[in-house]
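Q: Structure here, sequence nowhere to be found:
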């Protein structure tokens, strides 16, 4: 089956490019002595997690318990849950995960610690704990090395918990500064930092410059997207997921409407310096997807020489590929223009 | 089971409010002699489509073929597909739909017309055709009454197709002006406009002011959302879908982070005059959800007197409820704080 025979809109992944991207980052990590623990939030597919592991990844990263459940059910045995897990409803699912895999959990507060401790007691299985710290993202994470140390000390008070190390996102000078301060503090307290996990595709090629980092936790590199290309980290010909769409209306000379809207591409934008609108159309790079409704993508053609015809098929590099994956029940897999797989996105929609 | 026992994040619908909203709009339509054909894109649930039909709706509206397939499979017999259906891949699914339901399709171009004609030939079943026209949305739709007339004439050239009328969105002075011009043109040509279908919840209470409109095609009214409240069309106490979330981090005094990000709430914003950020937090209306990552909602508490604690549960009225529905595999149904249903969102993710 050829790609042009597929109904649209449809996300299509190029397996040759996927394998190129996996190899390229694994080679970089191997050269620099970094352990790679890919974040599966980008693809949400057991098949691709196994490809990452086969190339040398030490395990995977999941953001939510329910996402990890899918991967554990697919037989993946080493999982980092990089998210504060809080509440009585999470205890039993987390305990089940601990029975199925070597589980690590990152957290930044005592309530999450007590949830994880309850789960490990219930499972009677060890869970490794990383402390998340702030490094400029202004999201989660303890604010100071002292806070990290206090929380790390409390990890040791629980039977089945073991302090593993520190985790942050993004990786840059603030992270380096925090680590430089934390390291002697922990050493002085006799607490060993085994792992320092850092994340983020945009600055991945300079990860080796921050010493102390032992492990990389990145997701988007497997597909890349318009945002990553904008940051200079990849080229458009390394983007491995395209959304194929059809022009369903040409109401005026300067306007085309495609059958891919926010339900297909998401409403995520990129930094203005990376480009305008809701995706990059490979066939018409001057066209701007100015607006998305749920099922309509409205395209301004005023900067285009040639213009798409009614019924024409377009390929779009999405702004943010992880959220696109989450919108679709399945992705089509291709090699050299031939369909070779139709894979259910088993870990999509897993928000709990 | 009480709502506070549910794992989060989770979308919860209040069935009493849903029924209030259905009754209120149906009463309005009945009083003004308007036929109501709800757009199911908001709820994507057969159970609620049946509630709408039971109160007097004449049928339903779906945006995509695959969405209509779910509703037809649930036994719903009168479906308007308000979208240009184009391409050979759509012919057989559309023919199957025509065999299962009284099907109408809206379109604005000849290529869509030929796809619909092929489907009706294959099904050997009649399909009614509406011509979509532009009324200020700058999306799809023919631009002039003359274009509408030419397309309507071509409908009659196909064996199983019947011209039904005109369709537009939104409803306002431009729509009224188009209709005033189109009506005599069609009359003069001997083509009867049986149906004029207009859409949009924000201006729904003034729909009766545009004479010639016979049918309303609205979706959001069943749940309402922050955008609709902002437009003055509903109150917060009519909003029937809340996202329940948990505070999973309180890294600083002025920042809370919840377990609901763009995978739960979507990245859709509202007009700045309706409010800032990614949703309205009922317990802390001064709080602003300033940023969403996929699984994190970052909340600025600097305007709040009281501030949420770590582990506290919050209820959020989403900016745009239709896209929230599309993100979740199921919604929890409640009456007066007690869980009464957990319904799979069967028509979610149906983009084709």
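A: Cool, the structure landed. Bear in mind that the values here come from a model prediction, so they are computed numbers and not experimental data. Residues are numbered from 1 along each chain as shown, chains lettered A, B, ... in the order given.
Q: got the buried residues for the longest strand seen in chain A?
A: The longest strand of chain A (DSSP state E) is strand A:241-252. By 16 or more other CB atoms under 10 Å in any protein chain shown, the buried positions in strand A:241-252 come out as A:241, A:242, A:243, A:244, A:245, A:246, A:247, A:248, A:249, A:250, A:251. Where you see a C-beta, it was placed from the backbone N, CA and C, and this is true even at glycine.
Q: burial count for the spatially closest residue to residue A:274 that is not a sequence neighbour?
A: The shortest distance from residue A:274 to any non-neighbouring residue, by CB to CB, 6 or more residues apart in numbering or on different chains, is to residue A:230 (2.6 Å). By the criterion of other CB atoms under 10 Å in any protein chain shown, residue A:230 has 18 neighbours.
Q: Let me know how buried residue A:148 is, in neighbour terms.
A: Around residue A:148 there are 26 other residues, counting by other CB under 10 Å.
Q: correction: residue A:272
A: Counted with other CB under 10 Å, residue A:272 comes out at 8.
Q: That one and residue B:138, how far apart?
A: According to CB to CB, to the nearest Å, residue A:272 stands 22 Å off from residue B:138.
Q: ditto for residue A:86
A: For residue A:86 relative to residue B:138 (CB to CB), the value is 45 Å.
Q: likewise residue A:35?
A: Residue A:35 is 51 Å from residue B:138, by CB to CB.
Q: ok, those two, which is more surrounded?
A: residue A:35 (17 against 14).
Q: residues touching that one, list them.
A: A:29, A:58, A:214, A:215, A:216 (CB atoms under 8 Å, 6 or more residues apart in numbering or on different chains).
Q: So the second one: helix, strand or coil?
A: What it means is residue A:58. Look at residue A:58: counting by DSSP: H, G, I helix; E, B strand; the rest coil, its state is coil.
Q: can you count the residues close to it?
A: 17.
Q: which residue sits closest to it, ignoring its sequence neighbours?
A: Nearest non-adjacent residue to residue A:58 (CB to CB, 6+ apart): residue A:35, at 4.6 Å.
Q: Across the sheet, point out what pairs with that neighbour.
A: residue A:215 (DSSP bridges).
Q: What's the separation between the spatially most central residue of chain A and residue A:320?
A: Using CA atoms, centre = their mean, the residue of chain A that lies closest to the mean C-alpha position is residue A:219, 3.5 Å off. Using CB to CB, residue A:219 is found at 11 Å from residue A:320.
Q: For chain A, just list every one of the helices.
A: For chain A, the helices defined by DSSP state H occupy A:15-31, A:46-54, A:65-73, A:88-100, A:110-123, A:145-155, A:173-189, A:226-230, A:262-265, A:321-327.
Q: Using neighbour counts, pick out the buried residues of the second one.
A: Think helix A:46-54. Using 16+ other CB under 10 Å as the test for burial, helix A:46-54 gives A:46, A:48, A:49, A:50, A:51, A:52, A:53.
Q: Likewise for stretch A:214-234?
A: For stretch A:214-234, burial by neighbour count (16+ other CB under 10 Å) applies to A:214-231, A:233-234.
Q: Report the separation between the two terminal residues of that stretch.
A: End-to-end span of stretch A:214-234 (CA to CA, to the nearest Å): 23 Å.
Q: and it, what's its mean pLDDT?
A: Averaging pLDDT along stretch A:214-234 gives 97.
Q: Domain map for chain A?
A: Per automatic domain parsing, the domain ranges recorded for chain A read A:3-9+A:228-344, A:32-222.
Q: my read: residue A:128 touches residue A:101, true?
A: No - if you go by CB atoms under 8 Å, residue A:128 and residue A:101 don't touch, sitting 11.2 Å apart.
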